[in-house]
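Student: the sequence and its predicted three-dimensional model are supplied below.
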Amino acid sequence: MNKYATGPFSFWQKRQWALMALITILTTITADAAVKTWVGGASGHQTDWNTAANWSPSGVPGSADDVTLPAGRAFYPSIAAAMVCHNLTLNGGSLVINSGGSLAMGAGSLATASGTSITIHSGGSLSMTGDANNSVGSIIMDGGTFTFGGNNLNVPLNLTGGTVIFSSTGQRIPGGTYYNLELSGPGSPPEKLGGDVTVLGNLAIDTGVHLNVTTHVIAANTLTLGGVTQPAGTSSDPTYFTTGSSVTASAGPPAKLAFTTGPASTTVGATLANVVVQIQDASGNNVASNNVPISVSLSTGSFTNGTTTTNTGLGGSVTFNNLVINTANSYTMTASASGFTSATSSSFNIAALAASKLVFVSSPATTIAGVASSIITVQRQDSLGNPNTNSATITVDLTTSSSGGNFLSADGSATITSINIPSGSSSASFLYKDIAAGTPTITNSASGLLAATQQETVNMATPTLSGVTASQSISYGTASITLNGMVGAAGPVY
């Protein structure tokens, strides 16, 4: 008897079934792990990673799929939602990850040909735990997050913003310039620098992580150890650094705002340009806090035009370039942001433009025939209605539409036909007197300026009668007036 033929099924039958099962499993894995090649150009969605028609074979890549971007395509992909793949190979073009977009590669690897790139914008993210061994191509970041958990990161980095996170233990940190850098892989062996590192923003070393600087140098704008921002200076805390290792931070925690370039005096309607506000620590060191909204306001009134709230750039500063004020005055400007001590600028002046018109700034006068009016004031103003004090002395001519009217000096002591507005002043005053009741129009005019007109009201005088001792009759033509007693008038009757 064959020793392998015992039982209801032979050894060879069992072996054949096991082999068939293995083939089925491998076939299933192969079928699930497809190679997806970018085609692009789908109608209305030419660059959308998340469009099935942009791939060959058709279908959006899954977490087990290897993705290739070939050279020579008219359109290359962009990502604006949560996407996945395994290995990613860029033989041509570029991949863009926009705000709200993410690409999770799992343990997949990244391969980049010369001239290719992955660009991560603010709000976008790329994560992988495989390697990126190519020393050509590039990863470009002006924002967003790149989380790397592999052993080798050799793809050149072009980092003007965003955060690079090394998430595994014992990783080699490539030398170069980062914006924000975070080390989050706890345990041993420690993270190790592969070259000199400059961090333009914040260097964060998480709890449980150790850094071995080796023979290199690392400097940062700010340093956070275990979630706590450290003061400016050099730190070598053995909880986070191996023996002989240290980091130098140029600033401490962000605390206040400062005008590094204050507003300059100018004229109404002109643009206040290059007003710069910077985030600083308590000691006045500049802090590179990105995307912080800063607002400016005036000590009195408000801006006529301009953007008054702007987010800081990568260096922690914001420049206001389009602020306009249309009211002449002396001002200070205040900069404020949530969580920061506000800043107040030095005083600056907004001067009026050249005078262009005369304007009555007193209300129309009401008086009695033969009696001088209350004070009437005329002012020279610019085209925006601001009082002008910086022009030379001008003579203002005074005229009236009434033949019975004339003008008096402000103290009533002299009859005048003109007044002067001296340099350094914007206005002058006078009185008006008319012997005829009515509504005369007075005009103030000066060479080169738009004249001012105003209608005054002159009422008829009311006589006072007293001392009538006998019946008296006054006749004139067919009219007659009968008075009893003596007649007296408080003043002239016109």
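Tutor: Yes, it's here.
Student: so which residue is smack in the middle of this protein?
Tutor: Central residue of the chain (C-alpha atoms, centre = their mean): residue 310, 1.0 Å from the mean position.
Student: what's near enough to touch it?
Tutor: The contact partners of residue 310, by C-beta atoms under 8 Å, 6 or more residues apart in numbering, come to 293-294, 318-320. Every C-beta, even on glycine, is put in place using the N, C-alpha and C of the backbone.
Student: next one: residue 159
Tutor: Applying C-beta under 8 Å, 6+ apart to residue 159 gives the contacts 140-141, 176-179.
Student: again, only using 6 Å
Tutor: Counting by C-beta atoms under 6 Å, 6 or more residues apart in numbering, residue 159 makes contact with 141, 178-179.
Student: can you pull out the helices in this protein?
Tutor: With DSSP state H as the criterion, the chain has helices at 11-32.
Student: which stretches of it aren't confidently modelled?
Tutor: 1-33, 463-494 (pLDDT under 70).
Student: show me what the residue nearest to the centre of the chain is bridged to.
Tutor: Note on residue 310: beta-bridge partners by DSSP bridges are residue 294.
Student: so can I have JSON lines of the contacts of residue 159 showing neighbour count and distance to residue 460?
Tutor: Below are the contacts of residue 159 laid out as JSON lines (neighbours: other C-beta atoms under 10 Å; distance: C-beta to C-beta, whole Å):
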{"residue": "141", "neighbour count": "27", "distance to residue 460": "86"}
{"residue": "178", "neighbour count": "23", "distance to residue 460": "89"}
{"residue": "179", "neighbour count": "21", "distance to residue 460": "84"}
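Student: still on that earlier bit, what subset of the contacts of residue 310 is buried?
Tutor: Buried members of the contacts of residue 310, scored by 16 or more other C-beta atoms under 10 Å, are 294, 318, 320.
Student: ok, of the residues you listed, which one's closest to residue 71?
Tutor: residue 318 (41.2 Å; C-beta to C-beta).
Student: how near is residue 231 to residue 224?
Tutor: 12 Å (C-beta to C-beta, to the nearest Å).
Student: so these two - more neighbours on which side?
Tutor: residue 224 (18 against 15; other C-beta atoms under 10 Å).
Student: so the more buried one touches residue 204, yeah?
Tutor: Yes: under the criterion of C-beta atoms under 6 Å, residue 224 makes contact with residue 204 at 4.3 Å.
Student: for the closest residue in space to residue 407 that isn't next to it in sequence, list each beta-bridge partner.
Tutor: Leaving aside its sequence neighbours, residue 407 sits nearest to residue 398 (C-beta to C-beta, 6 or more residues apart in numbering; 4.5 Å). For residue 398, the beta-bridge partners under DSSP bridges are residue 444.
Student: need the contact list for residue 398.
Tutor: By C-beta under 6 Å, 6+ apart, the contact set of residue 398 is 407, 417-418.
Student: just the closest of those residues to residue 287, please.
Tutor: Nearest to residue 287 out of the contacts of residue 398 is residue 418 (C-beta to C-beta; 62.5 Å).
Student: thinking again about what came up before, max pairwise distance over the contacts of residue 310: which two?
Tutor: Within the contacts of residue 310, 293 and 319 form the most distant pair, 14.1 Å apart (C-beta to C-beta).
Student: which residues does residue 289 contact?
Tutor: Taking C-beta under 6 Å, 6+ apart, we find residue 289 in contact with 254, 279, 316.
Student: can you tell me which residues contact the first one?
Tutor: Read it as residue 254. By C-beta under 6 Å, 6+ apart, the contact set of residue 254 is 279, 287, 289.
Student: next step: these restricted to strands.
Tutor: residue 279 (DSSP state E).
Student: in TSV, list the contacts of residue 254 along with distance to residue 456.
Tutor: Output for those, formatted as TSV (distance: C-beta to C-beta, whole Å):
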residue	distance to residue 456
279	60
287	64
289	63
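Student: looking at the contacts of residue 254, which is nearest residue 356?
Tutor: Nearest member of the contacts of residue 254 to residue 356, counting by C-beta to C-beta, is residue 279, at 42.9 Å.
Student: distance of residue 118 from residue 225?
Tutor: Residue 118 sits 30 Å away from residue 225, taking C-beta to C-beta as the criterion.
Student: the two - which one has more neighbours?
Tutor: Each of residue 118 and residue 225 has its neighbours counted (other C-beta under 10 Å); residue 118 has more, 25 against 19.
Student: quick check, that one in contact with residue 95.
Tutor: Yes: between residue 118 and residue 95 there is a contact under C-beta under 6 Å: 4.8 Å.
Student: show me which of the contacts of residue 254 is closest to residue 353.
Tutor: Nearest to residue 353 among the contacts of residue 254, with distances taken as C-beta to C-beta, is residue 279, at 36.1 Å.
Student: that closest one: what's it in contact with?
Tutor: Residue 279 neighbours (C-beta under 6 Å, 6+ apart): 254, 287, 289, 316.
Student: can I assume residue 449 is in contact with residue 359?
Tutor: No: the criterion here is C-beta under 6 Å, and residue 449 misses it with residue 359 at 9.8 Å.
Student: okay, residue 385 and residue 411: tell me how far apart.
Tutor: Distance from residue 385 to residue 411, by C-beta to C-beta: 29 Å.
Student: and what of residue 448?
Tutor: Applying C-beta to C-beta, the value for residue 448 to residue 411 is 29 Å.
Student: try residue 314
Tutor: 66 Å.
Student: these two - which one has more neighbours?
Tutor: residue 314 (18 against 9).
Student: my guess is that one contacts residue 287. True?
Tutor: No: applying C-beta under 6 Å, one finds residue 314 not in contact with residue 287, separated by 11.6 Å.
Student: check contacts around residue 236.
Tutor: Counted by C-beta under 6 Å, 6+ apart, residue 236 has contacts residue 246.
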